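Trainee: Would you be able to build a 3D model of this:
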Amino acid sequence: MNRERQLSGVNSYTRELGFNPLDVLAAGRAAPGRTFDLITCLHGLHYVGDKLAVLTRAAGWLTPTGRLVADLDLSSIRLPDGRPAGQRLTAQLRAAGFSYDSRRRRISCTGRRDVRLPYRYLGADDRAGANYTGQPAVHSYYAEGH
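Mentor: Here you go, the predicted structure:
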């Protein structure tokens, strides 16, 4: 977490996300209940075990026009043999309504959705080492199928 990050400017959420979060929030109000106009997770999923569960749940918390944006290094999502889940996972995320920018390692979606991915969480390895940011990361292991 960057406690020095501001809404705008050189070290800002606007610069990091590529859009002004305040504009998204001002465009509409969240409906009653557990829904949100905007959910962001910058460099937070690196430390989470069940990354896919976080993404699928967060997509269900969006308002009809809400936006989810998160940094996600797909190489940290592994199959039981240790190989990255790779292009098959990327295709399944896209089919579920997510967009993935591999250059920026950023996943996003707009609008509430109920997502079911064909992966079963097996556990995590917190000794995975540094990721592309140089920070310690967690590899998440999944088996294909429910």
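
Trainee: And the closest residue to Thr133 other than its chain neighbours, how close does it get to Glu16?
Mentor: Distances taken as C-beta to C-beta, 6 or more residues apart in numbering put His43 closest to Thr133, at 6.2 Å, once the chain neighbours are dropped. Any C-beta I mention is one placed from the backbone N, CA and C, and that applies to glycine too. Distance from His43 to Glu16, counting by C-beta to C-beta, to the nearest Å: 9 Å.

Trainee: again with Tyr142
Mentor: 28 Å.

Trainee: Tell me if Thr14 really is in a helix.
Mentor: Yes - under DSSP: H, G, I helix; E, B strand; the rest coil, Thr14 sits within a helix.

Trainee: circling back: Tyr142 and Glu16 - which one has more neighbours?
Mentor: Tyr142 (21 against 18; other C-beta atoms under 10 Å).

Trainee: List the residues that contact the more buried one.
Mentor: Going by C-beta atoms under 8 Å, 6 or more residues apart in numbering, Tyr142 touches Leu52, Ile77, Arg78, Leu79, Ala85, Tyr119, Arg120, Tyr121, Leu122.

Trainee: Identify the residue nearest the geometric centre of the protein.
Mentor: Nearest to the geometric centre of the chain sits Ala70, at 3.6 Å (C-alpha atoms, centre = their mean).

Trainee: Who are the contact partners of that residue?
Mentor: Counting by C-beta under 8 Å, 6+ apart, Ala70 has contacts Ile39, Thr40, Cys41, Leu42, Gly44, Leu45, Val54, Leu55, Ala58, Arg106, Ile107, Ser108.

Trainee: Can you name every helix or strand that the longest strand seen in the chain contacts?
Mentor: The strand that spans the most residues within the chain, counting by DSSP state E, is strand 119-130. Of the remaining helices and strands, those touching strand 119-130 by 3 or more C-beta pairs under 8 Å, 6 or more residues apart in numbering; DSSP states H and E are helix 51-60, strand 136-144.
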